[in-house]
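Colleague: dropping a prediction and its sequence here:
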Amino acid sequence: CAQPCRMPYRFYAGDRKLSRGQEKYLLSPKDINTVEILPQLIDAGINSFKIEGRMKRPEYAAAVTMMYRKYVDLYLEKGQEAYDKQLRSDEYRKDMLLLQDVYNRGGFSEGYSRTYNGKSMMSLYRPNHSGVYVGKVTSIKGNKLFIALEEDVNAQDILEIRHQEEEGYEFTVKDDHRAGESLTTNVGIRLDSKEHGKRDRYPGDSAAGKLTKSASSIKVGHEVYRTKNNQLLEQLAAKYLQKDKQEPLQGHLVAKCGEALSFTITWKEHSVTVLKDLVQEAQKQPMTQEKLAAPLEKTGDTLFYFDRLRIEMGENIFVPVAWLNEIRREAIVQLQDLIAESYRRVLSDRSKDIPAALKEARATSRGMSVSVQTQEQFKEAIAFSQVTSIYADYDSFLLSDITGIAAESAAAGKELYLSLPHICRLDIYERLKKELSEIIKRKDIHGFLVKNLEELALLHSLQSYEHGKKLILNYNLYTYNKEAKCFFAELDRHKKLGIIRFTAPVELNSQELDTLGIEDSDLIVYGYQAVMVSAQCLYKSTEGCKKCIQGNQGTLVDRMGKSFYVRTYCKGCYNILYNGQPLSLLKYKEEIERLNPAALRLDFTRESRGEVKSILSAFQAAFYGQKQKVAEPVDYTTGHFKRGIE
């Protein structure tokens, strides 16, 4: 992940800019904190909580894990009443302050647990650590500032004076101060750009530069935030990072004259025994148990220490210290290998388990599958002889439109599949359940393009297979490797879902697709590709909800000036960000034919009827031997087909 959600953007509807002021981190959600609702999550049946620590400092992972362990145990041991009491305590307030100190982006949210979407979940002003509010500037005398503290601050803490979420003036605290005290600091002038005192217009603009602050730009009432709690980080490091966790071992050394030196170590159910040379009779001073034990107990920076070490020795023996060190090292290495091996998963080639219907999905000559989002695109697609299947987007058509499209498709000899929503939350699920129960009865609708597991479960509950409906899995339901294919094949066999095809993963390059085998899959060869599907509507986060207008279209511009097409799907209350350049694999005809996909898929989103005709003509001519000149798209990308994942 290159973290595109943490980058600044501008959002436009046509030529009108909808993003305002410093609210430019339009895709940046706040970090999730669900401590308050842990009892409800536990009661819902969740038995494992994932702590996301990627690209965070280790102190963050330690602090969050510590806090979740504390509150999970509190609920499990003392119940809801004690938990509610804890939430009202000063201890809880300080615990949450600790979590904010290690990292937060303008506070926390509970994710989608109790909120559908909205600005309260987003960190629109800044994508990085926001810090903890500790006080306000109360007076200024020259370059000397006086700050009334509302939280304790420590020596070497870093504080930032800011106004309305703007980046501010940072300084390091020299001494400890308690809440209620006044902190005094001298503020010098810091010049970071040629335009002193001016704010960035936008990264990439001609006059961009860091915000500059001087004593004259700081006003009474400006807020002060701590962006680094030095004492807290040191405490976490000392407790969790600088002390390695070691596992207890049981050891048994046998050292008897004329017998091989034997050392057995045991961890849980795993045990190894290492032998050395024959133990000799002592010529001078014989060994003692203490002398034998001392080298063995030096486990150092390994994963283990000896909780119990039993020594069985004969009389008047001699064992070189080097032997003891060697036998300890070898035993620990063998034990580690044994433990690791016990967790190894041996995967057999289960590709033979994939049903023949999936292995040989292309029973006839390969055709083109075309997904459409408008009536104009549909009208053009059914006119092409090589188009065998139409995928009509459920979120783009009214129910009455779908019945009309189904009838026209049947008359044109095309199979019609309903392309289901990307996101299937409860209200969408209930609406789908009501509408699909009628749709699956229609003989002119052949099946569904499925994009998530909820939809698979729904179609199973509606017994769509009993109505003869076929399912095609979109690339969201990953078949990134053969094991994934086997998973869905087994699911299909047990549940009788009616899966007939997959969709080739969009990240794999041509060589990887060849290794995987895509004879049972659609291969997307054209289309504006979705780079992000989000329940956070860009209209709602900027100008406000526009649900009265189905299918708002906008443009998101990144810091490099690159544009992304944005489409809102008000029917399902989410939006999709599409790459500004369409994918086109037109020039890779020979490689694609060697891959032998079940169908060539072309996804149309924003194209006009004329563009659909031109693109379909080009692909039909290139892949089906029609004698006409093939025109390459002017501005396009080949996606991962040659590049793969970087």
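Modeller: In hand now; what should we look at?

Colleague: and the residue nearest the centre of the chain, how far is that from residue 7?
Modeller: By Cα atoms, centre = their mean, the chain has its centre lying nearest to residue 1, at 7.9 Å. Going from residue 1 to residue 7 by Cβ to Cβ, to the nearest Å gives 12 Å. In this view, the C-beta of every residue, glycine as well, is placed from N, C-alpha and C.

Colleague: read off the pLDDT value for residue 118.
Modeller: pLDDT, residue 118: 86.

Colleague: could you check how far it is from residue 401?
Modeller: Relative to residue 401, and taking Cβ to Cβ, residue 118 is found at 30 Å.

Colleague: before we move on, what about residue 184?
Modeller: Counting by Cβ to Cβ - residue 184 and residue 401 are separated by 69 Å.

Colleague: go ahead and confirm residue 516 touches residue 478.
Modeller: No - between residue 516 and residue 478 there is no contact under Cβ atoms under 8 Å: 11.1 Å.

Colleague: identify the contacts common to these two.
Modeller: Each of residue 505 lies in contact with both residue 516 and residue 478 under the rule Cβ atoms under 8 Å, 6 or more residues apart in numbering.

Colleague: which of these two has more residues huddled nearby?
Modeller: Each of residue 516 and residue 478 has its neighbours counted (other Cβ atoms under 10 Å); residue 516 has more, 19 against 16.

Colleague: now stretch 441-461: buried residues?
Modeller: Residues of stretch 441-461 classed as buried by neighbour count (16 or more other Cβ atoms under 10 Å): 442, 445-452, 454-456, 458-460.

Colleague: and stretch 86-98, by the same measure?
Modeller: Quick answer for stretch 86-98 (16+ other Cβ under 10 Å): 86, 92, 95, 96, 97, 98.

Colleague: now the fifth one. Nearest residue, chain neighbours left out?
Modeller: Spatial nearest neighbour of residue 97, excluding adjacent residues (Cβ to Cβ, 6 or more residues apart in numbering): residue 132 at 6.1 Å.

Colleague: give me the neighbour count for the closest residue to residue 296 other than its chain neighbours.
Modeller: Closest residue in space to residue 296, ignoring its immediate chain neighbours: residue 328 at 5.1 Å, by Cβ to Cβ, 6+ apart. Look at residue 328: counted by other Cβ under 10 Å, it has 23 neighbours.

Colleague: the strands in the stretch 1-150 of the chain, which residues?
Modeller: 9-13, 16-17, 31-32, 108-109, 132-141, 144-149 (DSSP state E, counting those that start in this stretch).

Colleague: any chance of the backbone angles for residue 539?
Modeller: phi -70, psi -40 (degrees, to the nearest 10).

Colleague: got a list of what it touches?
Modeller: 18, 545, 546, 552, 554, 568, 575.

Colleague: thinking the second one is in contact with residue 552, fair?
Modeller: Spelled out, that is residue 545. No - applying Cβ under 8 Å as the test, residue 545 and residue 552 come out as separate, 10.1 Å apart.

Colleague: which one's more surrounded, those two?
Modeller: Counting neighbours by other Cβ under 10 Å for residue 545 and for residue 552 shows that residue 552 has the greater number, 19 against 14.

Colleague: wait, a strand at residue 338?
Modeller: No - counting by DSSP: H, G, I helix; E, B strand; the rest coil, residue 338 falls outside a strand, being helix.

Colleague: when you give positions from now on, start the count at 33
Modeller: Sure, I'll start numbering at 33, so the last one becomes residue 370.

Colleague: that one and residue 464, how far apart?
Modeller: Counting by Cβ to Cβ - residue 370 and residue 464 are separated by 51 Å.

Colleague: and those two? which has more neighbours close in?
Modeller: Taking neighbours as other Cβ under 10 Å, residue 370 and residue 464 compare with residue 464 leading, 22 against 13.

Colleague: which one is the more buried one nearest to, not counting chain neighbours?
Modeller: Residue 464 sits nearest to residue 490 (Cβ to Cβ, 6+ apart), 6.1 Å away.

Colleague: quickly find the element holding the one you found.
Modeller: Element membership for residue 490, per DSSP states H and E: helix 485-493.

Colleague: surely the residue nearest to residue 464 touches residue 463?
Modeller: No - judged on Cβ under 8 Å, residue 490 makes no contact with residue 463 at a distance of 10.8 Å.

Colleague: helix or strand with the lowest mean pLDDT in this structure?
Modeller: Lowest mean confidence among the helices and strands of the chain (mean pLDDT, DSSP states H and E): helix 388-391, at a mean of 54.

Colleague: next helix or strand past it?
Modeller: strand 399-404.

Colleague: mean confidence for that next one?
Modeller: Strand 399-404 comes out at a mean pLDDT of 96.

Colleague: if we go by neighbour counts, what in whichever helix or strand comes after that strand is buried?
Modeller: Note on strand 399-404: by DSSP H and E, the next helix or strand toward the C-terminus is helix 407-413. Residues of helix 407-413 classed as buried by neighbour count (16+ other Cβ under 10 Å): 407, 408, 409, 410, 412, 413.

Colleague: what sits up against helix 407-413?
Modeller: Against helix 407-413 from outside (Cβ under 8 Å, 6+ apart): 402, 404, 419, 422, 424, 433, 437, 440, 446, 636, 639-641, 644-645, 648.

Colleague: what do you get if the cut-off is 7 Å, keeping everything else the same?
Modeller: Under the contact criterion Cβ atoms under 7 Å, 6 or more residues apart in numbering, helix 407-413 has outside partners 402, 404, 419, 422, 424, 437, 636, 639-641, 644-645, 648.

Colleague: about what we covered before: ok, which of the strands of the stretch 33-182 of the chain comes nearest residue 314?
Modeller: strand 63-64 (64.8 Å; Cβ to Cβ).

Colleague: ok, and what's touching the closest one?
Modeller: So strand 63-64 is contacted by 135, 136, 137, 140, 141, 142, 143 (Cβ under 7 Å, 6+ apart).

Colleague: hmm, try it at 10 Å
Modeller: 84, 88, 92, 96, 131-132, 135-145, 153, 155, 161-162 (Cβ atoms under 10 Å, 6 or more residues apart in numbering).

Colleague: give me the buried entries from those residues.
Modeller: Here, 16+ other Cβ under 10 Å leaves 88, 92, 96, 131-132, 135-138, 140-142, 153, 155, 161-162 buried among those.

Colleague: which stretches in the stretch 183-332 of the chain count as strands?
Modeller: Under DSSP E, counting those that start in this stretch, the stretch 183-332 of the chain gives strands at 190-194, 201-204, 214-218, 255-260, 279-287, 292-299, 302-310, 312-313.

Colleague: show me what contacts the closest residue to residue 273 other than its chain neighbours?
Modeller: Distances taken as Cβ to Cβ, 6+ apart put residue 90 closest to residue 273, at 5.6 Å, once the chain neighbours are dropped. Going by Cβ under 10 Å, 6+ apart, residue 90 touches 265, 268, 269, 272, 273.
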